[in-house]
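Engineer: Have a look at this fold, sequence not included:
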């Protein structure tokens, strides 16, 4: 059985980044067809995003991906310092000497950057710049060791602040669903945000949820438990 999935992005590259993150595989392992090329349109009219289609060849390939991730030895010699150095060189071109800390957890490298300067341009609109940097550094690190390594970047606690806002929004929506006894949907989210939202929703026994594909993201709808059929 073949399972087709589509991912959307401002460009084909953006769409492949989202696919790799969602599926937990490297770019070299990704096989896709371009369903739609991006277009800027004319004076912004008629613009469209890029769409790619991923074909997962059934359960066998999914198990292969899972076993590849689970078999990664936590004690493998991952050169965290070299990844930190590359990130620091990139950042230094923009803001000079930067305070960067790195942390390794299994197959995940977290790079934390703190500065008193405005680093909004490094975060980008809706975190797009961070996503591109994470993808680039993940590719470099994965090639060094020959296995999939994932790099996450936090700039001036951006990730933490974003998660706090997400938590507030989810709790607010849950309370409203209970109050009006009607389902409500959250904004479309990536896989990382959805996992956080699921944990919050599952703590409340008065509601349940469903998830639906929404382009490259997914939308969570929260229902009053007694209305769900």
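Structural biologist: Nice, thanks for sending it over. What you see is a predicted model; the values in this text were computed from it and never measured.

Engineer: ok, now which ones touch residue 204?
Structural biologist: By C-beta atoms under 8 Å, 6 or more residues apart in numbering, residue 204 lies in contact with residue 174. Placement of C-beta: from N, CA and C, glycine included.

Engineer: what helix or strand is it on?
Structural biologist: Of the helices and strands defined by DSSP states H and E, none includes residue 204.

Engineer: Roughly how far does it sit from residue 224?
Structural biologist: Residue 204 sits 11 Å away from residue 224, going by C-beta to C-beta, to the nearest Å.

Engineer: Also residue 18?
Structural biologist: According to C-beta to C-beta, residue 18 stands 32 Å off from residue 224.

Engineer: same check, this time on residue 110
Structural biologist: On the measure of C-beta to C-beta, residue 110 and residue 224 end up 38 Å apart.

Engineer: Residue 165 now?
Structural biologist: According to C-beta to C-beta, residue 165 stands 24 Å off from residue 224.

Engineer: Tell me, please, the helix or strand in this protein that averages the lowest pLDDT.
Structural biologist: None of the helices or strands of the chain scores lower by mean pLDDT, DSSP states H and E than helix 58-70, at a mean of 39.

Engineer: after that helix, next one along is what?
Structural biologist: Once helix 58-70 ends, the next helix or strand along the chain (criterion: DSSP H and E) is helix 80-95.

Engineer: what packs against that following helix?
Structural biologist: Packing contacts for helix 80-95, counted by 3 or more C-beta pairs under 8 Å, 6 or more residues apart in numbering; DSSP states H and E, involve strand 99-105, strand 108-114, helix 120-123, helix 128-145.

Engineer: Point out the other helices and strands that the shortest one packs with.
Structural biologist: Read it as helix 120-123. Packing partners of helix 120-123 (3+ C-beta pairs under 8 Å, 6+ apart): helix 80-95, helix 128-145.

Engineer: Compare those helices and report which one is nearest to residue 32.
Structural biologist: Checking the helices and strands packed on helix 120-123 against residue 32 by C-beta to C-beta gives helix 128-145 as the closest, at 15.0 Å.

Engineer: partners of the following helix or strand past the closest one in the sheet?
Structural biologist: Under the assignment DSSP H and E, the closest C-terminal helix or strand after helix 128-145 is strand 150-155. Here strand 150-155 is paired, per DSSP bridges, with strand 108-114 (parallel).

Engineer: Which positions within the strand it pairs with qualify as buried?
Structural biologist: For strand 108-114, a neighbour-count test (16 or more other C-beta atoms under 10 Å) marks 109-113 as buried.

Engineer: Please apply the same query to stretch 134-141.
Structural biologist: Residues of stretch 134-141 classed as buried by neighbour count (16+ other C-beta under 10 Å): 134-135, 137-141.

Engineer: Would you mind putting the residues you listed into a markdown table with distance to residue 92 and pLDDT alongside?
Structural biologist: Converted to a markdown table, those look like this (distance: C-beta to C-beta, whole Å; pLDDT from 0 to 100):
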| residue | distance to residue 92 | pLDDT |
| --- | --- | --- |
| 134 | 18 | 82 |
| 135 | 20 | 81 |
| 137 | 15 | 85 |
| 138 | 20 | 82 |
| 139 | 21 | 82 |
| 140 | 17 | 85 |
| 141 | 19 | 81 |
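
Engineer: Could you single out the nearest of those to residue 90?
Structural biologist: Set against residue 90, the nearest of those by C-beta to C-beta is residue 137 (8.9 Å).

Engineer: Would you check that the closest one makes contact with residue 144?
Structural biologist: No - counting by C-beta atoms under 8 Å, residue 137 stays clear of residue 144, with 10.7 Å between them.
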